[in-house]
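Participant: Compute the structure for the input listed below.
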Amino acid sequence: MSGTELLMLGTGNAMAVRRYNTCFAVRTAEGQWFLTDAGGGNGIFKRLEDGGVAYADLHYMFVTHGHTDHIMGVLWVMRKIASLMGSGAYDGQFHIYCHDVVKQMLLSMAEMMFKKKDFACIGKNICIHELKDGDTVEFLGLSLTAFDICSTKAKQFGYLLTFPDGMRLTCLGDEPYNERCRQYAEGTDWLLAEAFCLYEHRDLFRPYEKNHSTVKDAAETAASLGAARLVLYHTEEKTGSSRKGLYTEEAKAYYGGAVYVPEDMERIALSR
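Facilitator: Numbers count the residues shown, from 1 in each chain. Now for the predicted structure:
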């Protein structure tokens, strides 16, 4: 396995049963992994294992916000890595990037739930870095700029990830696009956006009441930003095996770029 790729560990919304909650990993050309969110439970272990993500190659992650379906799996990843550190099976440090609210949530929950020896790793070899809106950090040859998506619910950050060759990937989180974020998404090579359901199914799934987007909304956003490619995630699951075809068809009616509607564990080769 070689080359830069996006591995969609999960694509489902918070209440998904047949799909894992939305989270994903980016593999660098050197074989290192960068994880974003971790779903809602220890199902993240199987996802990482099935995806060939070795903990020895996983030293960086980003957590968008503190909703259950995004943050609970992070605790399992932290506990697993702390255990590996304790047994001498993990070299180096594990770095988590997030905003202040997520940092406090992780620290509080870990202190309540972890074994003392595992919790002792936090701040020493498990480092939780607080980012502010507009902050940039560099790791694995990547440059990440975090930005506040202006959520109307829980505080949430997205990010712009820039690769060594100049390729850009923008993660918009799991809420509708806010025009304030244009500077991080305009002209991006890869736009990752939530699409809770088809526009024609809006009365069935009521995405706007939950502050979510439809496929049509996400496609129009991608078009307005001039994004080269659009990846849709955080979706309903009742359309089942028809989802990929239906979502792609609706998106292409409003957006002329490449559209990806990945299934769980699908790999997407990343290029400019």
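Participant: show me what contacts residue 113?
Facilitator: residue 75 (Cβ atoms under 8 Å, 6 or more residues apart in numbering). Every residue, glycine included, has its C-beta placed from N, CA and C.
Participant: again with residue 27
Facilitator: Contacts of residue 27 by Cβ under 8 Å, 6+ apart are 1, 3, 4, 5, 6, 7, 33.
Participant: how about those residues in CSV, adding distance to residue 55 and pLDDT?
Facilitator: Below are the contacts of residue 27 laid out as CSV (distance: Cβ to Cβ, whole Å; pLDDT from 0 to 100):
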residue, distance to residue 55, pLDDT
1, 17, 40
3, 21, 88
4, 20, 97
5, 18, 98
6, 19, 98
7, 15, 98
33, 9, 98
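Participant: And these, which of them are buried?
Facilitator: Listed as buried from these are 4, 5, 6, 7, 33; burial here means 16 or more other Cβ atoms under 10 Å.
Participant: List phi and psi for the first one.
Facilitator: Read that as residue 4. phi -80, psi 130 (degrees, to the nearest 10).
Participant: Strands along the stretch 51-200 of the chain, start to end?
Facilitator: Here the stretch 51-200 of the chain has its strands, by DSSP state E, counting those that start in this stretch, at 58-62, 94-98, 126-130, 136-139, 142-148, 157-162, 168-171, 190-194.
Participant: does residue 232 have beta-bridge partners, and which?
Facilitator: residue 193 (DSSP bridges).
Participant: What is the neighbour count of it?
Facilitator: 27 (other Cβ atoms under 10 Å).
Participant: just checking, it touches residue 196?
Facilitator: No - counting by Cβ atoms under 8 Å, residue 232 does not reach residue 196; the two are 9.8 Å apart.
Participant: Low-confidence regions, the stretch 101-250 of the chain specifically.
Facilitator: Within the stretch 101-250 of the chain, not a single segment meets pLDDT under 70.
Participant: what are the ranges of the helices in it?
Facilitator: 116-119, 182-185, 202-205, 215-225, 243-252 (DSSP state H, counting those that start in this stretch).
Participant: rewinding a little: deepest in the core, which of the strands of the stretch 51-200 of the chain is it.
Facilitator: strand 190-194 (a mean of 26; mean count of other Cβ atoms under 10 Å).
Participant: between it and helix 215-225, how many degrees?
Facilitator: 150 degrees (axes from the mean of the first three to the mean of the last three Cα atoms, to 10 degrees).
Participant: Go through the helices of the stretch 101-250 of the chain and pick out the most buried.
Facilitator: Using mean count of other Cβ under 10 Å, helix 215-225 ranks as the most buried of these, with a mean of 23.
Participant: circling back to that earlier point, format the strands of the stretch 51-200 of the chain as TSV; extra columns: distance to residue 236.
Facilitator: Converted to TSV, the strands of the stretch 51-200 of the chain look like this (distance: least, Cβ to Cβ, whole Å):
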stretch	distance to residue 236
strand 58-62	25
strand 94-98	27
strand 126-130	32
strand 136-139	34
strand 142-148	26
strand 157-162	21
strand 168-171	20
strand 190-194	11
